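Peer 1: Need coordinates for the below:
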Amino acid sequence: MLKQRISVLIVDSELISLKHTISLLEKNASVSRIDSAEDTDLALPKILDSSPDLILLEYPPIGKTGKEFIKFIKTKQPEPTIVFVSKSKDNAANAIREGVFNYLLKPIVREELEEIIEKTLHIQTSNVRTRINQIIENAVEDTKLQLQTVRGYIFIDTDEILYCKADGVYTEIFLTKNRKEVCYLFLAKVGTMLQPQNFLRISRSYLINMKYIRKIIRSNNTIILSSDGQEYEIKGARQQIKLLTKFSTE
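Peer 2: Next up is the predicted model:
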């Protein structure tokens, strides 16, 4: 059975607790990436940059953002799995009030963490399947995307976007007819704006318009896009390529 791997962000101000959690995650083959931050303020840019699938959040959270941090996480699409991690069961009621139903006690027990990882894997795999099925079954509505670029605000027909590439705090947008724009947004934010459309993030660096896929080469994790007689080779994450080929052929 094909499994997708997940990325994890740990927000924990206690060094011993943080090291313990990292050691458990490193032993789990289902975890592809581990990031950490000592408070919510430092965690925010990491969420924008990497869009983690699972967030292990020390509770009560440390940082100026506090409750706003939790609200921000719950606006992300797809929404990551949030787990409150605390020294006391007394905080479990607060977790429920925050709309978070996953809870772990410090020090984290390996078996309990693995249950959370399996749950997150199931959610992420289901999201990918649903997303691809929606793209295949539903017609894409013609919409315009408003972006601030180096030349000012522009409106782009999403149907003309071939793919987007992360470039630090910017995103390069490659368009049909050999055109290109650079906007002042992280790729994760652009992906959120394009999510209702015909787009799929295939790696940390690339977001593609599935309409232009001509070929998927699994041997080297490459997707070939084609438009106006030109071809574009895009490298994808191995797990995303496997899922894409699996679900698109079922």
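
Peer 1: how much space between the residue most central in space within the chain and Asn102?
Peer 2: Nearest residue to the geometric centre of the chain (C-alpha atoms, centre = their mean): Ser51, 3.7 Å. Here Ser51 is placed at a distance of 18 Å from Asn102 (C-beta to C-beta, to the nearest Å). (Each C-beta comes from the backbone N, C-alpha and C, glycine too.)

Peer 1: returning to that earlier point: so what's the residue nearest to the centre of the chain closest to, chain neighbours aside?
Peer 2: Of all residues not flanking Ser51 in the chain, Ala188 sits nearest, at 4.7 Å (C-beta to C-beta, 6 or more residues apart in numbering).

Peer 1: so Ser86 touches Glu58, yeah?
Peer 2: Yes. Between Ser86 and Glu58 there is a contact at 7.3 Å, judged by C-beta atoms under 8 Å.

Peer 1: Quick check on Leu185: phi, psi?
Peer 2: phi -140, psi 150 (degrees, to the nearest 10).

Peer 1: who's in contact with Asn221?
Peer 2: Shown in contact with Asn221 (C-beta atoms under 8 Å, 6 or more residues apart in numbering): 235-238, 241.

Peer 1: brain fart, Ile82
Peer 2: Neighbouring residues of Ile82 by C-beta under 8 Å, 6+ apart: 55, 57, 70, 73-74, 100, 102.

Peer 1: now do Leu42
Peer 2: Here Leu42 is in contact with Gly63 (C-beta under 8 Å, 6+ apart).

Peer 1: next helix or strand past the helix or strand containing it?
Peer 2: Per DSSP states H and E: Leu42 is located in helix 40-50. Beyond helix 40-50 in the direction of the C-terminus, DSSP H and E gives the next helix or strand as strand 54-58.

Peer 1: List of residues touching that following strand?
Peer 2: For strand 54-58, the external contacting residues (C-beta under 8 Å, 6+ apart) are 6-14, 17, 21, 40, 43, 47, 70, 73, 80-86, 104, 108, 116-117, 120.

Peer 1: Tabulate the contacts of Asn221 (CSV), appending pLDDT, secondary structure and neighbour count.
Peer 2: Shown next, in CSV, are those (pLDDT from 0 to 100; DSSP: H, G, I helix; E, B strand; the rest coil; neighbours: other C-beta atoms under 10 Å):
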residue, pLDDT, secondary structure, neighbour count
Lys235, 92, strand, 14
Gly236, 89, coil, 24
Ala237, 88, coil, 18
Arg238, 85, helix, 14
Ile241, 82, helix, 21
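
Peer 1: Out of those, which is nearest to Asn198?
Peer 2: Nearest to Asn198 out of those is Gly236 (C-beta to C-beta; 16.2 Å).

Peer 1: Make sure the residue nearest to Ser51 is actually in contact with Asp49.
Peer 2: Yes. With contact defined as C-beta under 8 Å, Ala188 and Asp49 form a contacting pair (6.8 Å).

Peer 1: Okay, the closest residue to Glu172 other than its chain neighbours and Ser17: tell me how far apart.
Peer 2: Nearest residue to Glu172 in three dimensions, chain neighbours excluded: Lys165, at 4.5 Å (C-beta to C-beta, 6+ apart). In this view, Lys165 and Ser17 are 37 Å apart by C-beta to C-beta.

Peer 1: Low-confidence stretches in the protein?
Peer 2: Residues of the chain that meet the criterion pLDDT under 70 lie in 1-3, 66-67, 77, 92-93, 95, 98-99, 127-143, 150, 196-197, 245-250.

Peer 1: if you set the cut-off to 80 instead, what comes out?
Peer 2: Scanning the chain for pLDDT under 80 picks out 1-4, 64-67, 74-78, 90-101, 124-144, 149-152, 195-197, 242-250.
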